[in-house]
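> whatever this is, show me its structure:
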Amino acid sequence: MIRALFFDAAGTLIEPAEPVADVYARIATAAGFPLESAAIRGAFHEVFTGMGDPEWAAHPDGDSAEREWWRRVVHLTLSRAGGKPPRGDRFGTCFEALFAHYADPAAWTIFPEVREILQLVRDAGFLTAVVSNFDLRLHRILEGHGLSFDAVVTSAAARSRKPDPAIFREALRLTGIAPVEALHTGDSARADLHGADAAGIRCFLLDRPRTGLRDFLTWAGIRQK
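You can find the predicted model right below:
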């Protein structure tokens, strides 16, 4: 019997309120690195998809490791977009501004059906958890949008990133259930589908806007109003 539903965060529950490249361009320019959104767009995608996991062992905690990971993402993105590495205090100012921007709930929007779906599954008696490759900023973002869960498991807290099954096992531990009692949904085949499968959890792969959380519930056999 299914007792809990696990959700990815970015791309599943929330998304940036404005294009990432526009935010990077605006903040970088204000810090003294004038760059166009178009140049940043390609650079960011290349860097973000090519980065490995944070260096967990090199930092005292997972959140520090995640923060340094993002610092490298920003530095490499601006380097490739501008043709030279950003240096000095100006880069520090730029990074801190970007990191703070994405800590603000206002920098994110929630998908239209999220509130209704979460209320429906809670009313039906299911436990809910978020399992996300994110740092501890995620707690403030979700709380800022009034979204509550029985557990929120970030890669920063678990010191593990999807598709590593360890992050899913932490969610199972916190909710007190077995893998066969949980279902997961997210928008990444590698992180969500393969990661959940490695932990023994069935997963529905979202493909927005073609499919959303209502399709997840239909796939799970959960009646909707």
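> for Arg71, which three-state class applies?
Three-state call for Arg71 (DSSP: H, G, I helix; E, B strand; the rest coil): helix.
> could you say which helix or strand holds the nearest residue in space to it that is not next to it in sequence?
Sequence neighbours aside, Phe95 is the residue nearest to Arg71 in space, at 5.5 Å (criterion: C-beta to C-beta, 6 or more residues apart in numbering). Glycine gets a C-beta too; all of them are placed from N, C-alpha and C. Using DSSP states H and E, Phe95 sits in helix 88-101.
> what does Ala129 give?
Short version: Ala129 belongs to strand 127-132, going by DSSP H and E.
> can you give me the angle whichever helix or strand comes after that strand makes with helix 88-101?
Using DSSP H and E, the helix or strand that follows strand 127-132 in sequence is helix 137-144. Helix 137-144 runs at 40 degrees relative to helix 88-101, counting by axes from the mean of the first three to the mean of the last three C-alpha atoms, to 10 degrees.
> who touches helix 137-144?
Identification of contacts with helix 137-144 by C-beta atoms under 8 Å, 6 or more residues apart in numbering yields 9, 13-14, 102-108, 130, 132, 148-149, 152, 154.
> are any of the residues you listed buried, and which?
Among the contacts of helix 137-144, those buried by neighbour count (16 or more other C-beta atoms under 10 Å) are 9, 13-14, 102-103, 105, 107-108, 130, 132, 149, 152, 154.
> those residues into TSV, with extra columns for distance to Val20 and pLDDT?
Putting the buried ones among the contacts of helix 137-144 into TSV (distance: C-beta to C-beta, whole Å; pLDDT from 0 to 100) gives the following:
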residue	distance to Val20	pLDDT
Ala9	15	98
Leu13	17	98
Ile14	13	98
Tyr102	9	98
Ala103	15	98
Pro105	16	98
Ala107	10	98
Trp108	11	98
Val130	21	98
Ser132	17	98
Phe149	25	98
Val152	22	98
Thr154	19	98
